[in-house]
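Student: using only what follows, build the 3D model:
(chains A and B)
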Amino acid sequence: MNSTQEVVHALFLTGKICGFLGYREIGGHLLPYLFSPEDLHGLASLISHDPIPRYPLPKILVEITRAHPGVRLGLLARECDQRALQELIKRNQINPEKILILPLACCRSDLGEPTQCSYLCSPTGNGNRPSFSPRESGQDPAGVEPDVLNLEDRFQRWKEEFAKCIKCYGCRNTCPVYVCKECSLEDEDLIPAGQIPPDLSFHLVRATHLAGFCIDCGLCEEACPAGIPLRLFYRGGNQIVEKLFGFKPGKEGEPSPFHRTGLAEKGSLP
Amino acid sequence: MTQKRMAFLKELLNFIGIHPDRLNVTWVSSSESAQFAEAVTAFVHRMRELGPSPLKRGMTSSPAYFLAKEGQ
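Tutor: Numbers count the residues shown, from 1 in each chain, chains lettered A, B, ... in the order given. Coordinates of the predicted model:
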């Protein structure tokens, strides 16, 4: 048994969890898998695995607990998964008493202290290996920095990025914090079917939804077959929220300024 | 909430290169026709200054734009 298997085995023995969401090696690939106490075979310890597989485990957890609200599950959670869990807990999508987090330090983001974020893709774009040399924030793999361009160049730049969109919904589907039961991106009146590339509003809707919610995991950008720098885009939204409201997603407790908590609004504009 | 969202949206438009003044919200009561006319007139004036929206040029890709810029 590897170290992860030993820890999970102990959790099962003490009755702390009745299932464990981790990665299992299947046909040479590490895939998300819900382990039962009887069978921990193949539970991967990700420490030395290269390339490191990344799937939105928190989202899978939400789907399982929606179907089985009573179960108490453990899950392997990297830094980004932990941030996603915090945001989902704040939105009442996960009951914190029903989960047990086995933390794993690996990905880095400026949302997670104390490390500096790096793009998960290397500048040459081969694979999803974390690059541990910090890059300047705001710098994107294509080498163009939208922040410093003037208004018109910036528009051209994003327009060309979004013109590549084939509306596969990969960014949304892999997003660990996207757990909505209804989605305005599937609304016929807002996003007409059969139109490619979709209107700019497609991306603006996502950016607005994710502002103060996106946990900067970069899965969207990895999933995008067109290579749109989505992480940079949503990070821009988060930077605006931080500038205006002093809020960074991913931390315990504090709700987003757009979170509806009833009549009393927190964090209103000065 | 609207106030917060508007502040965010203006910044988001600016981030992707659309002038934030192209988005505006003003609160006017149904009895304040003068204020309404004033707000709309001011907005129309601002739009005239800014000129046609870059969105009008469509979403099709034109790498030629940046290539031409590099050539300058």
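
Student: what sits against the nearest residue to A:Gln195 once chain neighbours are set aside?
Tutor: Closest residue in space to A:Gln195, ignoring its immediate chain neighbours: A:Lys167 at 7.8 Å, by CB to CB, 6 or more residues apart in numbering or on different chains. Quick note: C-beta positions are derived from backbone N, CA and C, even for glycine. Counting by CB atoms under 8 Å, 6 or more residues apart in numbering or on different chains, A:Lys167 touches A:Ile191, A:Gln195, A:Ile196, A:Pro197, A:Pro198, A:Phe202.

Student: same thing with B:Leu13?
Tutor: B:His19, B:Pro20, B:Arg22, B:Leu23.

Student: quick one: these as a markdown table, columns for distance to chain A too.
Tutor: Shown next, in a markdown table, are these (distance: CB to the nearest CB, whole Å):
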| residue | distance to chain A |
| --- | --- |
| B:His19 | 6 |
| B:Pro20 | 9 |
| B:Arg22 | 11 |
| B:Leu23 | 11 |
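
Student: quick one: which of the contacts of A:Lys167 is nearest to A:His259?
Tutor: Comparing those against A:His259 with CB to CB picks out A:Phe202 as the nearest, at 23.7 Å.

Student: so what's the closest one scoring on pLDDT?
Tutor: What the model reports as pLDDT for A:Phe202 is 92.

Student: need the next SSE after the helix or strand encompassing it, C-terminal direction.
Tutor: Using DSSP states H and E, A:Phe202 sits within helix A:200-210. Next in sequence after helix A:200-210, counting helices and strands by DSSP H and E, comes helix A:219-223.

Student: contacts for that next one, please.
Tutor: So helix A:219-223 is in contact with A:54, A:56, A:120-121, A:128, A:170-176, A:228-232, A:234, going by CB under 8 Å, 6+ apart.

Student: which ones among those residues lie within helices?
Tutor: Mapping these onto helices (DSSP state H) picks out A:Gly170, A:Cys171, A:Arg172, A:Asn173, A:Thr174, A:Leu230, A:Arg231, A:Leu232, A:Tyr234.

Student: which of those residues sit farthest apart?
Tutor: Pairwise distances across the ones in helices among the contacts of helix A:219-223 (CB to CB) peak at 19.7 Å, for the pair A:Asn173 and A:Leu232.

Student: between the two, who's got more neighbours?
Tutor: Higher neighbour count among A:Asn173 and A:Leu232: A:Leu232, with 23 against 13, using other CB atoms under 10 Å in any protein chain shown.

Student: just the pLDDT for the more buried one.
Tutor: 87.

Student: cool, and A:Cys171?
Tutor: On pLDDT, A:Cys171 comes in at 94.

Student: same thing with A:Glu242?
Tutor: Turning to A:Glu242, the model gives it a pLDDT of 91.

Student: now it: how far from A:Arg235?
Tutor: With distances taken as CB to CB, to the nearest Å, A:Glu242 is found 10 Å from A:Arg235.
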